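K.L.:
this is the structure alone, sequence omitted:
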């Protein structure tokens with residue numbers, strides 16, 4: 001199956017950056033990968049992302065290959081030694097890097113490893129203005145400072161694609177994997193309820209056959225159904241951005257607390273529980289919709305899909321039937337490795353974890 005991750009991560013970061021200001025003396029600009037927006041979800045989820053080791057690093061990008069804020073500097077002379085410092089009011093502690101710019105007249109993009117306040121980022125539920133300050137000094141001279149007022153977005157804002165000025169589109173579907181949180185305490189609570197129901201005697205995962213796996217999944221489905229989940233169509237992000245496509249995604253604790261979920265909310269919630277069981281879930285995106293797929297054996301030779309929006313009204317069997325039908329209907333778009341249609345993607349959660357996509361922790365749920 002084709003799985004969309006942060007395509008050529010280093011290349012993505014460079015191609016999507018926006019130079020926000022221009023210098024008068026030393027020629028340099030503030031560079032921000034999401035323009036004037038800061039996405040806590042992206043910052044936290046990609047904090048341990050592992051760039052492709054087989055890809056040659058760009059010669060004109062120095063410092064953190066996953067950097068999101070930095071400076072684009074035109075080297076004033078050969079082997080110029082520059083220091084770049086980034087900080088902001090609430091979210092970024094002073095973070096510096098010193099590098100050599102080898103070639104006079106060439107522009108280099110310099111990114112310090114930013115010392116984010118991750119606890120604060122995870123608590124951002126409403127957008128607020130954040131002033132970012134960047135200082136650049138050459139060969140130990142007096143630093144020149146520029147500032148930019150940005151918008152810190154809600155942690156619930158999940159960017160899933162970037163539309164560039166040249167019309168190219170970069171998918172960020174892997175970001176949905178950050179809202180799958182197999183470590184949340186509510187997952188153990190749901191599994192305990194499923195065992196207490198008597199529908200299954202134990203959770204054996206792939207030690208059993210496909211029918212046993214489906215039975216365990218059904219027990220989890222029934223727990224959520226008994227909790228009275230209802231469909232909620234809320235998808236509007238906290239702030240509009242005409243170049244970055246994003247939608248509101250509930251953290252799983254919020255979904256359980258409110259017993260509400262849209263198609264993405266329900267999908268990441270069930271994926272969280274199934275990951276905890278040792279199963280292999282994947283997110284299925286089709287035009288305007290998302291549902292869940294789960295491999296039924298460790299060899300990934302068979303899978304079942306679940307239409308998660310049917311949680312409030314249907315049996316597990318009916319939801320699986322509907323999910324499988326949706327997958328078959330869109331199979332060509334989902335399995336075509338050469339497809340450039342951004343509306344189709346498969347995001348394997350285990351693979352997302354392997355490349356370093358972290359689940360978004362909910363403060364207070366430890």
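P.N.:
Sure, I can see it. Here the structure is a predicted model, which means the values were calculated and not measured. Residues are numbered from 1 along each chain as shown.
K.L.:
and for residue 281, nearest residue in space, chain neighbours not counted?
P.N.:
With sequence-adjacent residues excluded and distances taken as C-beta to C-beta, 6 or more residues apart in numbering, residue 281 is closest to residue 271, at 4.1 Å. No exception for glycine: its C-beta is placed from N, CA and C like everyone else's.
K.L.:
what score does residue 365 have for pLDDT?
P.N.:
Here, the pLDDT recorded for residue 365 equals 71.
K.L.:
now do the contacts for it.
P.N.:
Applying C-beta atoms under 8 Å, 6 or more residues apart in numbering, one finds that residue 365 lies in contact with 184, 185, 186, 253.
K.L.:
assign a three-state SS to it, would you?
P.N.:
For residue 365, the assignment made with DSSP: H, G, I helix; E, B strand; the rest coil gives coil.
K.L.:
the helices in the chain, which residues?
P.N.:
In the chain, the helices defined using DSSP state H lie at 9-15, 40-45, 118-122, 185-196, 210-226, 252-258, 263-276, 316-329, 331-335, 349-354.
K.L.:
only whichever of the contacts of residue 365 are buried, select them in PyMOL.
P.N.:
To isolate the buried ones among the contacts of residue 365 in PyMOL, judged by 16 or more other C-beta atoms under 10 Å, type:
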select buried, resi 184+186+253
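K.L.:
hmm, which two among the contacts of residue 365 are most spread apart?
P.N.:
Using C-beta to C-beta, the pair of those lying farthest apart is 185 and 253, separated by 8.3 Å.
K.L.:
looking at the helices of the chain, which one is packed in the most?
P.N.:
Neighbour counts averaged per stretch over those are highest for helix 263-276, at a mean of 26; criterion: mean count of other C-beta atoms under 10 Å.
K.L.:
contact partners for the closest residue to residue 181 other than its chain neighbours?
P.N.:
Across the structure, with C-beta to C-beta, 6+ apart as the measure, the residue nearest residue 181 apart from its sequence neighbours is residue 359 (4.0 Å). Contacts for residue 359 (C-beta under 8 Å, 6+ apart) come out as 45, 177, 178, 179, 180, 181, 182, 183, 184, 272.
K.L.:
redo the helices of the chain as CSV? Include distance to residue 143 and mean pLDDT.
P.N.:
Below are these laid out as CSV (distance: least, C-beta to C-beta, whole Å; pLDDT from 0 to 100):
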stretch, distance to residue 143, mean pLDDT
helix 9-15, 24, 40
helix 40-45, 25, 96
helix 118-122, 26, 96
helix 185-196, 46, 96
helix 210-226, 54, 97
helix 252-258, 42, 94
helix 263-276, 43, 97
helix 316-329, 56, 98
helix 331-335, 51, 92
helix 349-354, 39, 95
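K.L.:
save these as JSON lines, and put in distance to residue 343 too.
P.N.:
Shown next, in JSON lines, are those (distance: least, C-beta to C-beta, whole Å):
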{"stretch": "helix 9-15", "distance to residue 343": "19"}
{"stretch": "helix 40-45", "distance to residue 343": "21"}
{"stretch": "helix 118-122", "distance to residue 343": "29"}
{"stretch": "helix 185-196", "distance to residue 343": "30"}
{"stretch": "helix 210-226", "distance to residue 343": "27"}
{"stretch": "helix 252-258", "distance to residue 343": "24"}
{"stretch": "helix 263-276", "distance to residue 343": "14"}
{"stretch": "helix 316-329", "distance to residue 343": "13"}
{"stretch": "helix 331-335", "distance to residue 343": "7"}
{"stretch": "helix 349-354", "distance to residue 343": "19"}
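K.L.:
I'd like to know which of those helices is closest to residue 300.
P.N.:
Among these, helix 349-354 comes nearest to residue 300, with 10.1 Å by C-beta to C-beta.
K.L.:
show me what the closest one is in contact with.
P.N.:
Applying C-beta under 8 Å, 6+ apart, the set of residues contacting helix 349-354 is 3, 5, 174, 177, 180, 271, 275, 280, 281, 282, 283.
K.L.:
any idea how far residue 293 is from the residue nearest to residue 281?
P.N.:
Counting by C-beta to C-beta, to the nearest Å, the gap from residue 271 to residue 293 is 9 Å.
K.L.:
what sits in contact with each of the two?
P.N.:
Common neighbours of residue 271 and residue 293 are listed as 281, 283 (criterion: C-beta under 8 Å, 6+ apart).
K.L.:
point out where the stretch 1-150 of the chain drops to low pLDDT.
P.N.:
Low-confidence regions of the stretch 1-150 of the chain, defined by pLDDT under 70, span residues 1-25, 52-55.
K.L.:
identify the residue nearest the residue nearest to the spatial centre of the chain in space, chain neighbours excluded?
P.N.:
Within the chain, the residue whose C-alpha comes closest to the C-alpha centroid is residue 175; the distance, by C-alpha atoms, centre = their mean, is 2.0 Å. Setting aside the residues directly before and after it, residue 175 is nearest to residue 158 in space (C-beta to C-beta, 6+ apart), at 5.2 Å.
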